[in-house]
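Student: Structure for this input, please:
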Amino acid sequence: MIPRHPLRRPDFRFELRPYDLSCLPALHEAALESRKEISPWMAWIHGDYTLQDAEKWTTHCIDAWAAQSEFEFVIYDSQDGLPAGSCGLNNINRKDRVSNLGYWVRTSKSRLNAATQTTLLLKDFGLNVIGLNRLEIVVADGNNTSRRVAEKAGALYEGRQRRRVQVGDKVYDAHMYALI
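Tutor: Next up, the predicted model:
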């Protein structure tokens, strides 16, 4: 059983905390602030995204951790204590010990290395705590910001996969990155 605990490094501004219900209002606000930038790449942040949607997701994250099927975190800025986004390891393939690594960062916290620090914290957690062999970062074609994050975090580019990602009704080719 992987315990629920924060992930942090003393040299990082951003830390990760497992989801809990106390983060709801502030995380909902962060998502709304970032809707324009995130919605092309993540279908969950739609035009009517409500606090109830955020609560449903938070409950899912808590339950998934209890089931050890996903490990989702809220990104916090240690300078102001506010949620800076969300991230996690999901779509875990236990047989091959492979997982997807995903993240989003609120608009007002972009360009502060939050996503890169998040990726490095998740890498250590996934490979060393969970015992995974491989973490995949799958980036829809056109999401150049996310590609830069993967590259800054040291993920290896493994190529383009045709028609790999669907966001709403749109299907995209994707770029595969891996941390091993």
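Student: Test my guess that S69 contacts R94.
Tutor: No. In this structure S69 lies outside contact range of R94 using CB atoms under 8 Å: 9.2 Å. To be clear about C-beta, it is placed using only N, CA and C from the backbone, and glycine gets the same treatment.
Student: what pairs with the one helix or strand E136 maps to, and is each one parallel or antiparallel?
Tutor: Secondary structure from DSSP states H and E places E136 in strand 134-140. If you go by DSSP bridges, strand 134-140 pairs up with strand 98-105 (parallel), strand 170-179 (antiparallel).
Student: ok, then the element right after it?
Tutor: Using DSSP H and E, the helix or strand that follows strand 134-140 in sequence is helix 144-152.
Student: What segments of this protein are strands?
Tutor: Counting by DSSP state E, one finds strands in the chain at the ranges 14-18, 71-77, 83-93, 98-105, 134-140, 156-167, 170-179.
Student: possible to save the ones you listed as JSON lines with mean pLDDT?
Tutor: Converted to JSON lines, those look like this (pLDDT from 0 to 100):
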{"stretch": "strand 14-18", "mean pLDDT": "98"}
{"stretch": "strand 71-77", "mean pLDDT": "98"}
{"stretch": "strand 83-93", "mean pLDDT": "98"}
{"stretch": "strand 98-105", "mean pLDDT": "98"}
{"stretch": "strand 134-140", "mean pLDDT": "98"}
{"stretch": "strand 156-167", "mean pLDDT": "98"}
{"stretch": "strand 170-179", "mean pLDDT": "98"}
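Student: need these in CSV with distance to A150, can you?
Tutor: CSV is the format used below for the strands of the chain (distance: least, CB to CB, whole Å):
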stretch, distance to A150
strand 14-18, 17
strand 71-77, 16
strand 83-93, 13
strand 98-105, 9
strand 134-140, 5
strand 156-167, 8
strand 170-179, 4
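Student: Mean neighbour count and distance to R4 for those - can I get that in CSV?
Tutor: Formatted as CSV, the strands of the chain follow (neighbours: other CB atoms under 10 Å; distance: least, CB to CB, whole Å):
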stretch, mean neighbour count, distance to R4
strand 14-18, 21, 4
strand 71-77, 23, 9
strand 83-93, 21, 13
strand 98-105, 22, 17
strand 134-140, 21, 20
strand 156-167, 12, 29
strand 170-179, 18, 22
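Student: of all those strands, which lies closest to E29?
Tutor: Nearest to E29, of all these, is strand 83-93, at 8.1 Å by CB to CB.
Student: Can you pull out the residues in contact with the closest one?
Tutor: 14, 16, 23, 26-27, 30, 34, 61, 64, 69-77, 98-106, 109, 112, 114-115, 118-119, 122, 125-126, 130, 132, 135 (CB atoms under 8 Å, 6 or more residues apart in numbering).
Student: What is the neighbour count of V129?
Tutor: If you count neighbours by other CB atoms under 10 Å, V129 ends up with 13.
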